[in-house]
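**Student:** Curious how this folds, go ahead:
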Amino acid sequence: PLPPATFSKCVPLTRCPGVHQVVEQLYVHDGRGQVRTTTYTYEGGRFNYDHRRSMGFEKVTATLPAISGDTGVAIKQTTFYQTMAAAGKMRRSREYDGSTIFEQKNYEYMQTDASDGLPYRALKNEERRLQRHGSMSLTYTTTYNMNEFNEPVQITELGSQGSLDDRTTVFSYRPNRSAY
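**Tutor:** Residues are numbered from 1 along each chain as shown. Here you go, the predicted structure:
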């Protein structure tokens, strides 16, 4: 039998110290004699020498196993932020069926750096999702209002039908001073 995954010992990075082990292929046995293989590629590895910290990869592409009846190759492409505050957080995720984008998600963060004396922080502001349904494309937007502890204060989900399917959720927090 095949191993569950194969790993690469090192990905060539521009001036990045150390070894970066990544998954090249992932094998999944379906229990009926079939093996599905997902292949991964990596681009844009960065390292911040001033802070001695890896910023991760800018883009990871997964080529998904073919499913019977599909004509195109299914690909999931994910890009990541490479800043001190948001390193490793998703910037965009796209799923392709052949050359057609089936689904796309964009993530935006309010980022602070340490220049103003505050710690590095990335608070999610917005998530936009585009989904294809047949020949139609629907767009959904979710906005986030977070407090200084990265807890949601208000989440507003804007649907595809104008204000008819919008939803707002408000959160409140109270410290439990008796627990201190």
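**Student:** next helix or strand past the helix-or-strand element of the chain with minimal mean pLDDT?
**Tutor:** Ranked by mean pLDDT, DSSP states H and E, the weakest helix or strand in the chain is strand 5-8, scoring a mean of 56. Going down the chain from strand 5-8, the next helix or strand is strand 22-29, by DSSP states H and E.
**Student:** For that next one, which strands pair with it and how are they oriented?
**Tutor:** Strand 22-29 has the following strand partners under DSSP bridges: strand 5-8 (antiparallel), strand 35-43 (antiparallel).
**Student:** show me where this structure has strands.
**Tutor:** Along the chain, the segments classed as strands by DSSP state E run 5-8, 22-29, 35-43, 46-48, 53-56, 59-63, 74-80, 90-97, 100-112, 121-133, 136-146, 152-158, 167-170.
**Student:** Could you export the ones you listed as CSV, including mean neighbour count?
**Tutor:** No exception for glycine: its C-beta is placed from N, CA and C like everyone else's. As requested, these are exported to CSV (neighbours: other Cβ atoms under 10 Å):
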stretch, mean neighbour count
strand 5-8, 13
strand 22-29, 15
strand 35-43, 15
strand 46-48, 16
strand 53-56, 17
strand 59-63, 17
strand 74-80, 18
strand 90-97, 17
strand 100-112, 16
strand 121-133, 16
strand 136-146, 15
strand 152-158, 15
strand 167-170, 10
